[in-house]
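1. quick one: sequence plus predicted model below, questions after.
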Amino acid sequence: MPDVILAPNPRWTAISNNGQVAAYGYVYTYDNDTRQPLATYRDAAGLIPHENPVQLDGKGQVLVYWLETPKYYLEVYDGLKSLGGNLIYSQANYPKTDIDTGGGTVTTYIDIDNYVRNPQFFFWRHGASFNSDQLSTQAYIADDWIFERSNEEATVTIDRRTFTLGQTDVPATPTYYLEYDCSAVGSGGETYKRIKQIYESVQTLENTEVTVQFEARYTTTPTTLEVNFYQFFGSGGVPSATVETAVTSQVLSTDWTRYTATVSLPTVATKTLGSNGDDALWLGFDLPIDSQANVQITNVAVEPGNTATDFEFKTAEEVKAFLPNYEDGISILDLGGDNSGVNDNTPAFEQARRIVLSLENPTILFPAGRYLFNSQTSVFDIAGNVTIQGLGYVEIVRNYTEGSSGNALMSTSITKLSVRDVKFIAPDGTSGGGFVAFGSDASNSASMPELINCSYAYEGAGTCDYGFIFDGSANDDGIKNVNIKNSISMNGATISDFYLDNVKGGSLDASITSNMIITGTNSTRLCEDLNITLRGANTSVLAFDWCNNINVYTCGLADCTNTANSSNVNVYGNISGTKQSYGVNFVYIAGDDFANNKVVATSGNVTSGSQTLPNGLIMKWGIVTVTGLVEIANVTFANAFPNAAANVMLTPRTSMPFDSELFTQMYYVSSVSAVGFSIEWTERGSGTWSFMWTAIGY
C-alpha cells in the first residue's frame, strides 16, 4: 500500500484567472522528474487509483489523495488532450513547491451551458440494448447514464432507438433517444427504479437555482415520469442522509413534448461527508414502481438560472470531451464493481465483457483490491483482442463451487485474451473447475493467448481441478502462439496446474506444484513447437502425450512422463526423482549434478543418455546387445548430434569365451555419423554379446 497524503487541499479545484472554474476539465498527473504518468488515489488507504487524467466535476473540483513521494507535475486541460483540449494550467513539484505557469496569461475555460453529459444519448459504448438479466439491479447503459432498481422482479428493457432522418418533432437534430420499457411487474416489492447521472462532489450546484428540461413521450403504456435531484453525502463513516429535491412530475403524452422546471438545490452547509470520497449529486428520472411503463427520453439539460434556453446541439467530438476517458480501458469499478472483497463482481464484469471490444483500447482494468465472483462469467466469443489488467495487488476470488471440472471462472473461445498481473483465489469451502480457460470452437481458436505475471492459490480448504487451461482440441489448427510468462501455481490442482492440449507454438515460463500436462488429441492435433522454462517442487510431474518438437528447461521436478505417441521432446535440467519414464524419441539431458553423480536415464524404451560437457562437446552413452552370428550391428542414437560424432568407444559387458586380447582384435567401430555407428567383426562365435558405448560429438 503506497504512502498517501491529503494535501494541501484534497478537494482540488481548478479556476482560471477570471474566476471561472474548469468544470469537467481534466487533470493529467506525472512524476515531476521523469514526466511519466503517476497515479493519484480516491481513498486515504491508497487502494483505489483515479483514472489518469482525473476528470473534474461541475465545480472544477475532485477529491485527490497524493503520493507522498515523488512529487507531481500537473497539467489541467479544458478537454481531453487527445481531442484537442486546451492547456489552462500547469504546475511542477506539487504539492510541495509551486512552480506554475498560466496565471494572468491564461483565459481559456469551459463555459457550461448544460451540465448533463451525453444529453442526446449519442454514445452507447456499453452496448445499445439491455434485457432484464443484463440490467440486473444496476447497469451502465448509455455513456454516463446508469439504470438502477431495488430488485429484479420486473421484466424491463432499455434500448437505443434511432430517429427518422429529417424528423421535426424534436429540436436540435438528435440521432438517438433512450427507451425504457417495463412489460411485466413480477412479484413487485420495488422501492425505487430510476435512470440517473452522477456528478462528482455533493457540492455541485448546491445552493444554486437551476432549470431542467427534457423531451419525452410514451408509445405503448401511459406513464408518469418524476425527476429529482439527490444530494448523496457518500459512504464510510457517519455521513449525512441523502437529500432528495423534487424537480417535476409529468404525465407523458404519445407526442414528443418538451418539459421544463426550475428548482433551487439546498445548501450542504452543516452536513457531514462520508470517509470514502464518493459523495455526489445525482440527477434521477424516477420510473413507476410495481407498474408497467414505457418512457422515451432525449435532449436532457440542466442549466444555471431560472430560464430554459433552446436546447443546443453539440457535435460528437464536443460531447465525447465530457465523457469518461477510455483511452486506457474501462475500470470495473466504473461499472459498479467492488474491490473490498464484499460484493459480487459478476454483473460488472459481464457488462465489461459486452462493451470492451467497442473501446479503442479493449482493456478491463482491475484497480488494486479483492474482487469476489459468485458465479462463472460468460465466454468471450467475439473475434478481437481483450486484456484483463490488474493495477497493483489484485485478487480475483472464485467464490463458488464448480460442478464441471472443465469450466473456468473466465474463458474465451475465439477472442485473443491477455490476463496480466492478477492473483486468483479458491477460498475456503470451494472446489472444482479452473480460473481461466483459453479455448477454441469447431472452426476458430483463441490464438496468441497471454498469461503474464499471474498466479493462483488456495485459502483454507479451497481447491480447484485446473489452474489455467489452454484447450485447442476442438479443431485441427488448435491454439497458436501461447505466451505464458512468470505465472505460478502456489497450490496443486487436483488434475493439472497448467493444461495444454493441441497448442501449436509459443513460450512458457511457469512454476508448478502438482503437474503440467502437455498433450494432443491425435496425430493431427499435436501439442508442438513449444519452448518451456519450468520450475517445480518435489511432488511436481511434467507429463507428455501426442507431442512434437518441444524443449523444456527445468529444475526441481519430481518426474517426467511420456508416451510412444510423442517425438522430438527434450528436457534439459534437473529432475529430483530417482526414476524418469521415457517414451520413443524422448530424451532427458541431465544437469551437472546428476552427471557428476552418474545418474543416467535407463528406464523405458530408450536406454541412452546424453550430456552437454562444459567445453561444449556432447557426450552420449548407452548399451547395445547383439545376438547370433551377425557381422555388423547398427546403433542409432536416440537423439542425433547437431553436427557430427567425433569418436565412439566400446566396452564389453559380458564375459567372452576367449581371452580379451584376442577379442579386441575381432571387433571395431565403423560408419560413425551424427545419427549413429556400426560394430563390425572379422571373426566371432555364436551367443549374446553386450557392450557399453560412449560417443563424443558436437
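-> Received, thanks.

2. residue contacts, residue 438?
-> Residue 438 is in contact with 411, 412, 417, 446, 449, 468, 469, 470, 471, 479, 482, counting by C-beta atoms under 8 Å, 6 or more residues apart in numbering. (Glycine included, C-beta is placed from N, CA and C.)

3. hmm, which two among these are most spread apart?
-> Pairwise distances among these were taken by C-beta to C-beta; the largest, 15.3 Å, belongs to 411 and 482.

4. where do the strands sit along the stretch 251-400 of the chain?
-> For the stretch 251-400 of the chain, the strands defined by DSSP state E, counting those that start in this stretch cover 257-264, 280-286, 293-304, 330-331, 340-344, 363-373, 385-398.

5. so which of the ones you listed comes closest to residue 434?
-> Proximity to residue 434 (C-beta to C-beta) singles out strand 385-398 among the strands of the stretch 251-400 of the chain, at 8.7 Å.

6. list the buried residues of that closest one.
-> The neighbour-count check on strand 385-398 (16 or more other C-beta atoms under 10 Å) flags 386, 387, 388, 389, 390, 391, 392, 394, 395, 396, 397, 398 as buried.

7. can you lay out those as TSV showing distance to residue 274 and pLDDT?
-> Below are the buried residues of strand 385-398 laid out as TSV (distance: C-beta to C-beta, whole Å; pLDDT from 0 to 100):
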residue	distance to residue 274	pLDDT
386	34	93
387	33	95
388	30	96
389	29	95
390	27	93
391	24	89
392	23	87
394	25	93
395	25	96
396	27	97
397	26	98
398	31	97
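
8. of these, closest to residue 237?
-> Nearest to residue 237, judged by C-beta to C-beta, of the buried residues of strand 385-398 is residue 392 at 24.1 Å.

9. any idea how far residue 338 is from that closest one?
-> To residue 338, residue 392 is 16 Å away according to C-beta to C-beta, to the nearest Å.

10. over to residue 142?
-> Residue 142 is 23 Å from residue 338, by C-beta to C-beta.

11. and what of residue 523?
-> For residue 523, the distance to residue 338 (C-beta to C-beta) stands at 49 Å.

12. so between residue 142 and residue 338, which is more surrounded?
-> More crowded of residue 142 and residue 338, by other C-beta atoms under 10 Å: residue 142, with 26 against 16.

13. assign that one to helix, strand or coil.
-> Three-state assignment for residue 142 (DSSP: H, G, I helix; E, B strand; the rest coil): coil.

14. contacts only, for the nearest residue to it once chain neighbours are set aside.
-> Take residue 142 and drop its neighbours on the chain: the residue closest to it by C-beta to C-beta, 6 or more residues apart in numbering is residue 121, 4.6 Å away. Residues near residue 121 by C-beta under 8 Å, 6+ apart: 142, 145, 160, 174, 176, 177, 178, 297, 298.

15. now restrict those to buried residues only.
-> 142, 145, 160, 174, 176, 177, 178, 297, 298.

16. widest-spaced pair of the residues you listed?
-> 145 and 174 (14.5 Å).

17. just the buried residues of strand 385-398 now: which is nearest residue 641?
-> The nearest member of the buried residues of strand 385-398 to residue 641, counting by C-beta to C-beta, is residue 387 at 44.0 Å.

18. surely that closest one touches residue 416?
-> No. Using C-beta atoms under 8 Å as the test, residue 387 is too far from residue 416 to be in contact (9.2 Å).

19. how about low-confidence regions in the stretch 251-400 of the chain?
-> Filtered on pLDDT under 70, the stretch 251-400 of the chain yields the residue ranges 277, 321, 324-325, 358.

20. run the last query once more with 80
-> Along the stretch 251-400 of the chain, the parts satisfying pLDDT under 80 run over 275-278, 318, 320-328, 354-355, 357-360, 382-383.

21. residue 191 reaches residue 137, doesn't it?
-> No. With contact taken as C-beta under 8 Å, residue 191 and residue 137 are classed as non-touching, separated by 11.5 Å.

22. shared neighbours of the two, anything?
-> The contact sets of residue 191 and residue 137 overlap at residue 150 (C-beta under 8 Å, 6+ apart).

23. who has more neighbours out of these two?
-> A side-by-side neighbour count of residue 191 and residue 137, using other C-beta under 10 Å, places residue 137 first with 13 against 9.

24. now do the phi/psi pair for the more buried one.
-> Backbone geometry at residue 137, expressed as degrees, to the nearest 10, gives phi -100, psi -10.

25. what's the spacing between it and residue 409?
-> For residue 137, the distance to residue 409 equals 22 Å [C-beta to C-beta].

26. flag every buried residue along stretch 303-316.
-> Using 16+ other C-beta under 10 Å as the test for burial, stretch 303-316 gives 303, 308, 311, 314.

27. chain neighbours aside, what residue packs nearest to the second one?
-> Counting by C-beta to C-beta, 6+ apart, the nearest residue to residue 308 once its immediate chain neighbours are dropped is residue 260, at 4.1 Å.

28. surely that neighbour touches residue 213?
-> Yes. Using C-beta under 8 Å, residue 260 and residue 213 qualify as a contacting pair, with a distance of 4.4 Å.

29. settle it for me: which of these two has more neighbours?
-> residue 213 (22 against 13).

30. what's the longest helix in this structure?
-> Longest helix of the chain, by residue count under DSSP state H: helix 346-355.

31. can you give me how far that helix is from the chain middle?
-> Between the centre of helix 346-355 and the centre of its chain there are 12 Å (C-alpha atoms, centre = their mean, to the nearest Å).

32. swap in stretch 113-121?
-> Per C-alpha atoms, centre = their mean, the centroid offset for stretch 113-121 relative to its chain is 32 Å.

33. and that stretch, what's buried?
-> Residues of stretch 113-121 classed as buried by neighbour count (16+ other C-beta under 10 Å): 114, 115, 116, 117, 118, 119, 120, 121.
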